[in-house]
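A.B. asks: could you work out the structure for the sequence below:
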Amino acid sequence: MRRSLAARTALVISALLVVAGCGGGGAKKADPKDPVTIDVAVLAATEFYVIPWLVGQKQGFFTDHGVEVGKIVAGSGGSATLRTQLSGGMPIGEIGYKSVLDAWSEDVPVLAVGGGAQGPYGGDFYALADNDRVNELRDIKKWAYTNPGSSVYALSFLLPQAAGLPTKAERISAGGVGEGAALLEAGTVDVAWLPPSLASRNQGKFKLVVSTSKYITDFQQSVITTSPAYAKEHPDVVRGVLAGWQEAAKWITQNPEAAARIYAEHVDLPVAAATSVVKGAVESNVWNVGFNPAALKRGTDAAVVSGFKGEVKYCEFIDTSYLPGAATAELPTKCGA
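C.D. replies: Residues are numbered from 1 along each chain as shown. Down below sits the predicted model:
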(Lines give C-alpha, C1' and ligand atoms only; values in the text may rest on other atoms or scores of the structure.)
Protein backbone atom coordinates (compact mmCIF):
# COMPACT_ATOMS: atom_id res chain seq x y z
CA MET A 1 0.00 0.00 0.00
CA ARG A 2 2.86 2.36 0.84
CA ARG A 3 4.54 1.71 -2.49
CA SER A 4 1.31 2.31 -4.33
CA LEU A 5 0.82 5.65 -2.60
CA ALA A 6 4.42 6.64 -3.35
CA ALA A 7 3.96 5.65 -6.97
CA ARG A 8 0.82 7.78 -7.27
CA THR A 9 2.66 10.70 -5.69
CA ALA A 10 5.49 10.24 -8.16
CA LEU A 11 3.09 10.34 -11.07
CA VAL A 12 1.57 13.59 -9.85
CA ILE A 13 4.93 15.24 -9.29
CA SER A 14 6.20 13.93 -12.62
CA ALA A 15 3.30 15.63 -14.36
CA LEU A 16 4.08 18.84 -12.54
CA LEU A 17 7.71 18.55 -13.58
CA VAL A 18 6.63 18.41 -17.20
CA VAL A 19 4.72 21.66 -16.65
CA ALA A 20 7.76 23.25 -15.00
CA GLY A 21 9.98 21.98 -17.77
CA CYS A 22 7.85 23.76 -20.34
CA GLY A 23 7.76 27.09 -18.49
CA GLY A 24 10.24 29.87 -17.94
CA GLY A 25 10.00 31.85 -21.13
CA GLY A 26 9.84 29.30 -23.97
CA ALA A 27 12.93 29.43 -26.16
CA LYS A 28 14.03 32.82 -24.89
CA LYS A 29 17.73 32.97 -24.01
CA ALA A 30 19.22 34.43 -20.86
CA ASP A 31 20.45 37.89 -21.84
CA PRO A 32 21.48 40.61 -19.35
CA LYS A 33 19.89 43.19 -21.66
CA ASP A 34 16.61 41.28 -21.79
CA PRO A 35 16.63 38.84 -18.85
CA VAL A 36 14.41 35.79 -18.49
CA THR A 37 12.10 36.21 -15.49
CA ILE A 38 11.49 33.22 -13.24
CA ASP A 39 10.10 32.62 -9.77
CA VAL A 40 11.93 30.26 -7.42
CA ALA A 41 10.91 28.15 -4.43
CA VAL A 42 13.22 28.04 -1.42
CA LEU A 43 12.88 25.81 1.61
CA ALA A 44 12.52 27.61 4.93
CA ALA A 45 12.61 30.98 3.19
CA THR A 46 12.70 32.89 6.47
CA GLU A 47 16.01 31.24 7.35
CA PHE A 48 19.57 31.55 6.08
CA TYR A 49 18.83 29.48 2.95
CA VAL A 50 17.10 32.46 1.40
CA ILE A 51 19.89 35.00 1.92
CA PRO A 52 21.89 34.31 -1.28
CA TRP A 53 18.65 34.44 -3.27
CA LEU A 54 17.68 37.77 -1.70
CA VAL A 55 21.13 39.26 -2.20
CA GLY A 56 21.34 38.01 -5.78
CA GLN A 57 17.94 39.52 -6.45
CA LYS A 58 18.58 42.87 -4.76
CA GLN A 59 22.16 43.36 -5.96
CA GLY A 60 21.48 42.35 -9.54
CA PHE A 61 23.77 39.33 -9.66
CA PHE A 62 21.15 37.15 -11.36
CA THR A 63 20.31 39.93 -13.82
CA ASP A 64 23.99 40.23 -14.73
CA HIS A 65 23.70 36.67 -16.02
CA GLY A 66 20.46 37.16 -17.92
CA VAL A 67 17.97 36.00 -15.28
CA GLU A 68 15.50 38.10 -13.31
CA VAL A 69 14.38 36.38 -10.11
CA GLY A 70 10.81 37.54 -9.49
CA LYS A 71 9.11 35.96 -6.50
CA ILE A 72 10.98 33.94 -3.93
CA VAL A 73 8.27 31.54 -2.80
CA ALA A 74 8.61 29.91 0.58
CA GLY A 75 8.38 26.16 0.84
CA SER A 76 7.50 24.57 4.15
CA GLY A 77 10.49 22.24 4.09
CA GLY A 78 11.13 18.79 2.70
CA SER A 79 8.96 17.40 -0.07
CA ALA A 80 6.46 20.22 0.47
CA THR A 81 9.01 22.64 -1.01
CA LEU A 82 9.41 20.42 -4.04
CA ARG A 83 5.64 20.39 -4.50
CA THR A 84 5.57 24.18 -4.07
CA GLN A 85 8.23 24.57 -6.73
CA LEU A 86 6.64 22.27 -9.26
CA SER A 87 2.95 22.97 -8.76
CA GLY A 88 3.59 26.69 -9.14
CA GLY A 89 5.40 26.27 -12.44
CA MET A 90 8.67 27.45 -10.92
CA PRO A 91 11.49 25.90 -12.92
CA ILE A 92 14.24 26.24 -10.30
CA GLY A 93 14.31 25.98 -6.52
CA GLU A 94 16.38 25.09 -3.50
CA ILE A 95 15.12 21.86 -1.95
CA GLY A 96 16.06 19.68 1.01
CA TYR A 97 18.58 17.03 -0.02
CA LYS A 98 16.60 14.08 1.36
CA SER A 99 13.49 15.20 -0.51
CA VAL A 100 15.46 15.08 -3.75
CA LEU A 101 16.72 11.61 -2.86
CA ASP A 102 13.18 10.45 -2.13
CA ALA A 103 11.86 11.89 -5.40
CA TRP A 104 14.68 10.36 -7.43
CA SER A 105 14.16 6.95 -5.79
CA GLU A 106 10.54 7.07 -6.98
CA ASP A 107 11.67 7.83 -10.55
CA VAL A 108 10.59 11.48 -10.40
CA PRO A 109 12.70 13.34 -12.99
CA VAL A 110 14.30 15.88 -10.69
CA LEU A 111 17.84 17.13 -11.22
CA ALA A 112 20.24 18.68 -8.70
CA VAL A 113 22.35 21.20 -10.59
CA GLY A 114 23.98 23.11 -7.73
CA GLY A 115 24.81 22.86 -4.09
CA GLY A 116 23.20 25.02 -1.45
CA ALA A 117 23.68 24.57 2.26
CA GLN A 118 26.66 22.26 2.67
CA GLY A 119 27.51 22.73 6.32
CA PRO A 120 25.79 21.99 9.63
CA TYR A 121 24.88 25.61 10.35
CA GLY A 122 21.33 25.93 11.60
CA GLY A 123 21.23 22.45 13.10
CA ASP A 124 21.69 23.44 16.74
CA PHE A 125 19.66 22.27 19.73
CA TYR A 126 18.62 24.49 22.62
CA ALA A 127 17.30 24.18 26.17
CA LEU A 128 15.57 26.75 28.32
CA ALA A 129 18.09 29.23 29.68
CA ASP A 130 17.19 28.41 33.30
CA ASN A 131 17.47 24.63 32.87
CA ASP A 132 20.52 23.84 35.02
CA ARG A 133 20.22 20.10 34.44
CA VAL A 134 20.86 20.13 30.70
CA ASN A 135 24.11 21.79 29.66
CA GLU A 136 25.80 19.48 27.16
CA LEU A 137 25.16 16.62 24.77
CA ARG A 138 25.53 13.85 27.35
CA ASP A 139 22.79 15.39 29.49
CA ILE A 140 20.08 14.99 26.86
CA LYS A 141 17.48 12.31 27.52
CA LYS A 142 14.57 13.75 25.52
CA TRP A 143 14.93 15.40 22.11
CA ALA A 144 12.30 17.37 20.20
CA TYR A 145 12.65 17.30 16.43
CA THR A 146 10.41 18.74 13.73
CA ASN A 147 8.95 15.91 11.66
CA PRO A 148 9.75 12.25 10.93
CA GLY A 149 12.18 11.93 8.05
CA SER A 150 13.69 15.37 8.61
CA SER A 151 17.38 16.18 8.86
CA VAL A 152 16.71 17.43 12.40
CA TYR A 153 15.49 13.96 13.35
CA ALA A 154 18.64 12.44 11.83
CA LEU A 155 20.87 14.85 13.75
CA SER A 156 19.44 13.64 17.05
CA PHE A 157 21.13 10.32 16.22
CA LEU A 158 24.20 11.52 14.32
CA LEU A 159 25.32 13.98 16.99
CA PRO A 160 25.63 11.54 19.93
CA GLN A 161 27.09 8.99 17.52
CA ALA A 162 29.78 11.47 16.43
CA ALA A 163 30.53 12.25 20.07
CA GLY A 164 30.91 8.57 20.95
CA LEU A 165 27.83 8.60 23.16
CA PRO A 166 24.85 6.22 23.24
CA THR A 167 22.16 7.17 20.74
CA LYS A 168 19.32 5.71 22.79
CA ALA A 169 17.02 8.48 23.98
CA GLU A 170 13.40 9.56 23.74
CA ARG A 171 12.57 11.55 20.62
CA ILE A 172 9.36 13.51 20.20
CA SER A 173 8.03 14.91 16.94
CA ALA A 174 7.07 18.52 17.63
CA GLY A 175 5.58 19.11 14.19
CA GLY A 176 6.98 22.62 13.92
CA VAL A 177 9.33 25.22 15.36
CA GLY A 178 6.80 26.91 17.64
CA GLU A 179 5.63 23.54 18.90
CA GLY A 180 9.22 22.59 19.74
CA ALA A 181 9.68 25.76 21.77
CA ALA A 182 6.38 25.03 23.53
CA LEU A 183 7.61 21.55 24.49
CA LEU A 184 10.69 23.16 26.02
CA GLU A 185 8.61 25.61 28.01
CA ALA A 186 6.35 22.81 29.23
CA GLY A 187 9.35 20.79 30.41
CA THR A 188 8.36 17.87 28.15
CA VAL A 189 11.77 17.67 26.46
CA ASP A 190 15.34 18.54 27.36
CA VAL A 191 16.27 20.14 24.05
CA ALA A 192 14.59 21.21 20.85
CA TRP A 193 15.90 22.28 17.49
CA LEU A 194 15.47 26.01 16.96
CA PRO A 195 16.27 27.79 13.69
CA PRO A 196 18.87 30.59 13.79
CA SER A 197 16.30 33.37 13.33
CA LEU A 198 14.31 32.30 16.40
CA ALA A 199 17.37 31.60 18.52
CA SER A 200 18.96 34.96 17.69
CA ARG A 201 15.72 36.75 18.50
CA ASN A 202 15.40 35.06 21.93
CA GLN A 203 18.95 34.84 23.24
CA GLY A 204 17.92 35.39 26.85
CA LYS A 205 15.20 32.76 26.78
CA PHE A 206 17.08 29.79 25.34
CA LYS A 207 20.63 28.52 25.71
CA LEU A 208 22.69 26.61 23.18
CA VAL A 209 23.33 23.04 24.34
CA VAL A 210 24.55 21.34 21.17
CA SER A 211 26.46 23.23 18.50
CA THR A 212 26.26 20.85 15.56
CA SER A 213 29.45 22.18 13.96
CA LYS A 214 31.41 20.94 16.96
CA TYR A 215 30.71 17.36 15.93
CA ILE A 216 29.87 17.49 12.21
CA THR A 217 31.54 19.43 9.41
CA ASP A 218 30.37 18.87 5.83
CA PHE A 219 26.64 18.18 5.62
CA GLN A 220 24.48 18.50 2.50
CA GLN A 221 21.28 20.09 3.72
CA SER A 222 19.90 21.39 0.43
CA VAL A 223 20.51 21.41 -3.31
CA ILE A 224 19.48 23.71 -6.15
CA THR A 225 17.16 21.79 -8.43
CA THR A 226 15.32 21.86 -11.72
CA SER A 227 13.83 19.27 -14.04
CA PRO A 228 15.93 17.51 -16.69
CA ALA A 229 13.56 18.88 -19.34
CA TYR A 230 14.02 22.49 -18.23
CA ALA A 231 17.80 22.12 -17.92
CA LYS A 232 17.99 20.71 -21.45
CA GLU A 233 15.73 23.39 -22.92
CA HIS A 234 17.16 26.36 -20.97
CA PRO A 235 20.77 25.55 -20.05
CA ASP A 236 21.81 29.21 -20.11
CA VAL A 237 19.09 30.11 -17.58
CA VAL A 238 20.24 27.36 -15.22
CA ARG A 239 23.86 28.48 -15.58
CA GLY A 240 22.85 32.08 -15.03
CA VAL A 241 21.02 31.27 -11.80
CA LEU A 242 23.97 29.29 -10.45
CA ALA A 243 26.49 31.97 -11.42
CA GLY A 244 24.37 34.69 -9.81
CA TRP A 245 23.90 32.61 -6.67
CA GLN A 246 27.66 32.04 -6.42
CA GLU A 247 28.39 35.77 -6.74
CA ALA A 248 25.75 36.52 -4.11
CA ALA A 249 27.29 34.06 -1.64
CA LYS A 250 30.71 35.64 -2.17
CA TRP A 251 29.30 39.15 -1.72
CA ILE A 252 27.68 38.14 1.57
CA THR A 253 31.02 37.05 3.02
CA GLN A 254 32.48 40.43 2.10
CA ASN A 255 29.46 42.51 3.18
CA PRO A 256 27.76 40.69 6.07
CA GLU A 257 26.20 43.81 7.60
CA ALA A 258 24.68 44.91 4.29
CA ALA A 259 23.43 41.38 3.65
CA ALA A 260 21.91 41.34 7.13
CA ARG A 261 19.92 44.49 6.38
CA ILE A 262 18.52 42.90 3.22
CA TYR A 263 17.62 39.76 5.17
CA ALA A 264 16.13 41.68 8.09
CA GLU A 265 13.81 43.60 5.81
CA HIS A 266 12.64 40.40 4.13
CA VAL A 267 11.77 38.50 7.33
CA ASP A 268 10.94 41.44 9.61
CA LEU A 269 13.78 40.52 11.94
CA PRO A 270 15.71 43.03 14.09
CA VAL A 271 18.92 43.98 12.29
CA ALA A 272 21.04 42.80 15.20
CA ALA A 273 19.41 39.37 15.11
CA ALA A 274 19.72 39.20 11.32
CA THR A 275 23.40 40.14 11.58
CA SER A 276 23.93 37.29 14.03
CA VAL A 277 22.38 34.85 11.56
CA VAL A 278 24.39 36.11 8.60
CA LYS A 279 27.71 36.13 10.45
CA GLY A 280 27.04 32.67 11.84
CA ALA A 281 26.38 31.35 8.35
CA VAL A 282 29.48 33.05 6.96
CA GLU A 283 31.73 31.76 9.75
CA SER A 284 30.51 28.22 9.18
CA ASN A 285 31.07 28.50 5.41
CA VAL A 286 27.63 27.00 4.84
CA TRP A 287 26.99 28.22 1.28
CA ASN A 288 28.57 26.50 -1.71
CA VAL A 289 27.14 26.43 -5.21
CA GLY A 290 29.30 23.40 -6.07
CA PHE A 291 29.38 19.86 -4.73
CA ASN A 292 31.81 18.03 -2.50
CA PRO A 293 31.75 14.31 -1.70
CA ALA A 294 32.02 14.63 2.08
CA ALA A 295 28.91 16.81 2.30
CA LEU A 296 26.93 14.49 0.02
CA LYS A 297 27.97 11.39 1.97
CA ARG A 298 26.96 12.97 5.28
CA GLY A 299 23.67 14.08 3.80
CA THR A 300 23.08 10.55 2.58
CA ASP A 301 23.92 9.17 6.04
CA ALA A 302 21.31 11.48 7.52
CA ALA A 303 18.76 10.39 4.91
CA VAL A 304 19.35 6.73 5.79
CA VAL A 305 18.83 7.46 9.49
CA SER A 306 15.58 9.18 8.53
CA GLY A 307 14.32 6.19 6.60
CA PHE A 308 15.81 6.31 3.10
CA LYS A 309 16.55 2.86 1.70
CA GLY A 310 18.52 1.71 -1.28
CA GLU A 311 21.73 2.51 -3.11
CA VAL A 312 22.35 6.16 -3.91
CA LYS A 313 23.53 6.66 -7.49
CA TYR A 314 24.67 10.27 -7.40
CA CYS A 315 25.30 10.52 -11.13
CA GLU A 316 21.64 9.82 -11.89
CA PHE A 317 20.24 12.88 -10.12
CA ILE A 318 23.19 15.31 -9.95
CA ASP A 319 24.54 17.12 -13.00
CA THR A 320 27.60 19.31 -12.44
CA SER A 321 27.83 20.56 -16.03
CA TYR A 322 25.86 23.76 -15.31
CA LEU A 323 28.15 24.97 -12.52
CA PRO A 324 30.27 28.13 -12.85
CA GLY A 325 33.88 27.49 -13.73
CA ALA A 326 35.31 28.15 -10.27
CA ALA A 327 32.85 25.89 -8.47
CA THR A 328 33.84 22.54 -7.00
CA ALA A 329 32.29 19.63 -8.85
CA GLU A 330 33.33 16.42 -7.11
CA LEU A 331 30.87 13.65 -6.33
CA PRO A 332 31.39 10.56 -4.16
CA THR A 333 31.49 8.47 -7.36
CA LYS A 334 32.85 9.21 -10.81
CA CYS A 335 30.28 9.66 -13.53
CA GLY A 336 30.62 8.15 -16.99
CA ALA A 337 33.33 5.75 -15.92
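
A.B. asks: now stretch 226-234: mean pLDDT?
C.D. replies: Averaging pLDDT along stretch 226-234 gives 93.

A.B. asks: where do the strands sit along the stretch 101-250 of the chain?
C.D. replies: With DSSP state E, counting those that start in this stretch, the ranges of strands along the stretch 101-250 of the chain come out as 111-115, 125-128, 142-145, 170-173, 191-193, 206-210, 222-226.

A.B. asks: closest to Thr275 out of those?
C.D. replies: Nearest to Thr275 among the strands of the stretch 101-250 of the chain is strand 206-210; the distance by CB to CB comes to 17.4 Å. Bear in mind the C-beta positions are built from the backbone N, C-alpha and C, glycine included.

A.B. asks: before we move on, back to that, please identify which of the strands of the stretch 101-250 of the chain is closest to Ile72.
C.D. replies: Comparing the strands of the stretch 101-250 of the chain by CB to CB, strand 222-226 comes nearest, at 13.1 Å.

A.B. asks: so which elements touch the closest one?
C.D. replies: Judged by 3 or more CB pairs under 8 Å, 6 or more residues apart in numbering; DSSP states H and E, the packing partners of strand 222-226 are strand 92-96, helix 97-105, strand 111-115, helix 235-254.

A.B. asks: tell me what angle the longest one forms with strand 222-226.
C.D. replies: Orientation of helix 235-254 against strand 222-226 (axes from the mean of the first three to the mean of the last three CA atoms, to 10 degrees) gives an angle of 150 degrees.

A.B. asks: now swap in the third one and tell me
C.D. replies: Orientation check (the same axes, to 10 degrees): strand 111-115 against strand 222-226 gives 130 degrees.

A.B. asks: and strand 111-115, what does it pack against?
C.D. replies: The contact analysis (3+ CB pairs under 8 Å, 6+ apart) places strand 111-115 against strand 222-226, helix 228-233, helix 235-254.

A.B. asks: can you list those in JSON lines and add distance to Ser99?
C.D. replies: Written out in JSON lines, the entries for the helices and strands packed on strand 111-115 read as follows (distance: least, CB to CB, whole Å):
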{"stretch": "strand 222-226", "distance to Ser99": "9"}
{"stretch": "helix 228-233", "distance to Ser99": "17"}
{"stretch": "helix 235-254", "distance to Ser99": "19"}
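
A.B. asks: thinking again about what came up before, any idea which of the helices and strands packed on strand 222-226 is most buried?
C.D. replies: Stretch with highest mean neighbour count among those: strand 92-96 (a mean of 29; mean count of other CB atoms under 10 Å).

A.B. asks: so what does that one touch, helix or strand wise?
C.D. replies: strand 36-43, helix 79-87, strand 222-226, helix 235-254.

A.B. asks: would you single out the least confident of the ones you listed?
C.D. replies: Averaging pLDDT over each of those puts helix 79-87 lowest, since it has a mean of 63.

A.B. asks: that older thread, what would the strands of the stretch 101-250 of the chain look like in CSV with distance to Tyr49?
C.D. replies: As requested, the strands of the stretch 101-250 of the chain are exported to CSV (distance: least, CB to CB, whole Å):
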stretch, distance to Tyr49
strand 111-115, 12
strand 125-128, 19
strand 142-145, 18
strand 170-173, 22
strand 191-193, 15
strand 206-210, 20
strand 222-226, 6
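
A.B. asks: closest one to Ala181 among those?
C.D. replies: Nearest of the strands of the stretch 101-250 of the chain (CB to CB): strand 191-193, 6.4 Å.

A.B. asks: what's the neighbour count on Lys29?
C.D. replies: By other CB atoms under 10 Å, 14 other residues sit near Lys29.

A.B. asks: need the nearest residue in space to it, chain neighbours excluded.
C.D. replies: In this structure, Lys29 finds its nearest non-sequential neighbour in Asp236, 5.6 Å apart by CB to CB, 6 or more residues apart in numbering.

A.B. asks: which ones are touching that neighbour?
C.D. replies: 29-30, 66 (CB atoms under 8 Å, 6 or more residues apart in numbering).

A.B. asks: go again with 10 Å.
C.D. replies: Residues in contact with Asp236 (CB atoms under 10 Å, 6 or more residues apart in numbering) are 28-31, 36, 65-67, 322.

A.B. asks: buried ones among these?
C.D. replies: Buried residues within the contacts of Asp236, counting neighbours by 16 or more other CB atoms under 10 Å: 30, 36, 65-67, 322.

A.B. asks: sort out for me which of those residues are in strands.
C.D. replies: Secondary structure from DSSP state E places 36, 67 of the buried ones among the contacts of Asp236 in strands.

A.B. asks: quick one on the thing from earlier: could you dump the helices and strands packed on strand 222-226 to a markdown table with distance to Leu155?
C.D. replies: Output for the helices and strands packed on strand 222-226, formatted as a markdown table (distance: least, CB to CB, whole Å):
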| stretch | distance to Leu155 |
| --- | --- |
| strand 92-96 | 13 |
| helix 97-105 | 12 |
| strand 111-115 | 19 |
| helix 235-254 | 23 |
